[in-house]
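Student: Generate coordinates for the sequence data below:
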Amino acid sequence: MMITSSVTTVKPLMKIRRERLLPRAGEVVVTPGQEVNPVQVVARTSHQRGFTIVDAADILDVSPADVPKYLLVEEGAAVQKKKPLLQKKGMFGSKSYSSPVNGILYQVSHGRLILQQTSDLIELRAMIRGVVAGYLGSRGVIIETQGSLIQGIWGSGREGFGTIKIASERNDAPLRKEHIGADARGAVLVAGYIDRPGVLEEAESNSVRGVIVGSVPTGMLHTLPALRFPIIVTEGFRQQPMAPPIFRLLQQSEGREASLFGADTGTWSRPEIVIPLPASDAVQQTADTLQPLAVGQRVRLLRAPHAGAVGEVIAVYERARATEVGFRMPGATVAINEEEVLFVPYPNLDLIR
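Tutor: The predicted structure follows:
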């Protein structure tokens with residue numbers, strides 16, 4: 001029997017391909033092989049906002065057949081919000097009516113004006129510095145880059161990019177307001193955890209581009225998607241420090257540009273941090289969700305009292321063994337450090353590769 005565990009990818013160098021998709025078919029505006037930067041538009045489409053119907057005959061108090069006499073624009077002409085559409089002059093004054101929307105006078109029918117509202121332009125940006133590797137029909141593109149990839153466990157639903165700045169010196173230290181100064185503008189801040197809501201308001205007012213932390217309180221989760229920048233959590237929702245391998249890789253990447261994807265998007269299902277790096281020997285990495293456990297692998301413990309701790313597998317068991325609380329389950333023996341060796345059930349292990 002093959003023993004498997006969930007997998008968290010933490011790779012300093014690999015080939016990364018990611019899809020960028022429009023919500024509907026549109027126009028791709030880049031070519032295969034073209035280099036792109038995060039802010040570059042790669043595709044666009046329009047979002048039709050529908051029609052507005054104006055009962056002109058009733059407004060002017062005239063018969064439907066007479067409405068065309070009072071029109072100030074012709075059918076098919078562009079109209080602007082608050083600009084006059086109709087005007088009726090008389091001995092005792094005049095009546096006028098201004099357009100309620102931006103758009104086109106689509107049709108005049110039975111005393112009514114049908115206004116087609118101007119469509120909104122949706123622009124899809126690359127969000128990653130890399131090369132266009134291919135098209136996805138008229139919906140978008142595949143962008144390829146080489147660099148570091150870190151998977152998180154929760155994201156606030158937004159995406160963004162910025163320069164990595166290590167805000168706390170240790171992986172178990174919180175993000176504080178004093179960490180957010182003038183140099184935080186345009187940065188992606190990295191800290192052990194967040195425990196105070198006010199620190200995120202400070203980050204937003206200082207134009208921070210993103211935040212990466214080990215954990216946040218569960219009570220704050222409902223407020224985080226309202227922030228203008230993405231937040232990625234790597235460990236959990238108690239006061240858990242960031243896993244040392246993740247914190248160390250982010251430390252080594254300080255000053256580099258990172259792209260944060262805080263939503264379940266495209267073909268991958270976990271929030272991700274992509275840090276493009278120049279490289280010629282990157283290896284294609286598959287996105288397996290299960291990986292065989294073996295002696296010598298690094299794993300992260302997922303349950304209290306050792307949640308977030310990282311250790312090395314020193315033995316793998318196919319048959320059930322007794323746990324600390326008396327249940328019998330299959331698992332592995334993990335050395336957290338030279339003095340602490342634990343038996344951990346397989347569901348409580350996360351392989352870091």
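Student: Put the alpha carbons of stretch 170-186 into CSV.
Tutor: Provided in CSV are the C-alpha atoms of stretch 170-186 (Å, rounded to 0.1, in the frame of the first residue of the first chain):
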residue,chain,number,x,y,z
ARG,A,170,11.5,36.1,13.0
ASN,A,171,8.9,33.7,11.7
ASP,A,172,7.1,33.8,15.0
ALA,A,173,6.9,37.6,15.4
PRO,A,174,3.7,39.6,14.6
LEU,A,175,3.2,42.4,12.1
ARG,A,176,3.0,45.7,13.9
LYS,A,177,2.2,49.3,12.9
GLU,A,178,5.8,50.3,13.5
HIS,A,179,6.8,47.9,10.7
ILE,A,180,4.7,49.9,8.2
GLY,A,181,6.6,53.1,7.3
ALA,A,182,7.2,55.1,4.1
ASP,A,183,9.3,52.2,2.7
ALA,A,184,6.2,49.9,2.8
ARG,A,185,4.6,51.7,-0.2
GLY,A,186,4.3,49.2,-3.1
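Student: Mind checking the pLDDT average for it?
Tutor: The average pLDDT for stretch 170-186 rounds to 92.
Student: what comes into contact with that stretch?
Tutor: 162-163, 165, 167-168, 189, 191-196, 198-199, 202-203, 206-209, 211, 213-214, 241-244, 247 (Cβ atoms under 8 Å, 6 or more residues apart in numbering). Just so you know, the C-beta spots here come from the backbone N, C-alpha and C atoms, and that holds for glycine as well.
Student: Report the buried residues of that stretch.
Tutor: Applying a neighbour-count criterion of 16 or more other Cβ atoms under 10 Å, one finds 171-172, 174-176, 179-180, 184 buried in stretch 170-186.
Student: Same question for stretch 310-328.
Tutor: Neighbour counts over stretch 310-328 (16+ other Cβ under 10 Å) mark 310-311, 313, 316-317 as buried.
Student: Look up how far T218 lies from the closest residue to T223 other than its chain neighbours.
Tutor: The spatially closest residue to T223, leaving aside those adjacent along the chain, is P197, at 6.7 Å (Cβ to Cβ, 6 or more residues apart in numbering). For P197, the distance to T218 equals 13 Å [Cβ to Cβ, to the nearest Å].
Student: ok, and what's touching stretch 32-47?
Tutor: Stretch 32-47 is contacted from outside by 20, 22-30, 119-135, 138-141, 143, 161, 257, 259, using Cβ under 8 Å, 6+ apart.
Student: Now that stretch: average pLDDT?
Tutor: So the average pLDDT for stretch 32-47 ends up being 91.
Student: How far off centre is that stretch?
Tutor: 17 Å (Cα atoms, centre = their mean, to the nearest Å).
Student: so where's the stretch 101-250 of the chain uncertain?
Tutor: Scanning the stretch 101-250 of the chain for pLDDT under 70 picks out no residues.
Student: what about the helices in it?
Tutor: Ranges of helices in the stretch 101-250 of the chain, per DSSP state H, counting those that start in this stretch, are 198-205, 244-252.
Student: Show me which of the contacts of stretch 170-186 are buried.
Tutor: With neighbours counted by 16+ other Cβ under 10 Å, the contacts of stretch 170-186 contain buried members at 162-163, 165, 167-168, 189, 191-194, 199, 202-203, 206, 208-209, 211, 213-214, 241-244, 247.
Student: Mark which of those are part of strands, please.
Tutor: Mapping the buried ones among the contacts of stretch 170-186 onto strands (DSSP state E) picks out 162-163, 165, 189, 191-193, 211, 213-214.
Student: I'd like the distance between the residue of the chain positioned farthest from its centre and L60.
Tutor: Relative to the C-alpha centroid of the chain, counting by Cα atoms, centre = their mean, M91 is the outermost residue, at 61.6 Å. Distance, M91 to L60, using Cβ to Cβ: 15 Å.
Student: next one: R24
Tutor: For R24, the distance to L60 - Cβ to Cβ - is 39 Å.
Student: who's more crowded, the two?
Tutor: L60 (19 against 11; other Cβ atoms under 10 Å).
Student: The more buried one - nearest residue in space that isn't next to it in sequence?
Tutor: K88 is the one closest to L60 (Cβ to Cβ, 6+ apart), at 4.8 Å.
Student: Does the one you found belong to a helix, a strand or coil?
Tutor: The assignment at K88 comes out as strand when based on DSSP: H, G, I helix; E, B strand; the rest coil.
Student: OK, contacts around it?
Tutor: 60, 62, 70, 94-96.
Student: Quick check, L22 in contact with R139.
Tutor: Yes - at 5.2 Å, L22 and R139 qualify as touching, with contact defined as Cβ atoms under 8 Å.
Student: Which one's more surrounded, the two?
Tutor: Between L22 and R139, counting by other Cβ under 10 Å, L22 is the more crowded of the two (21 against 18).
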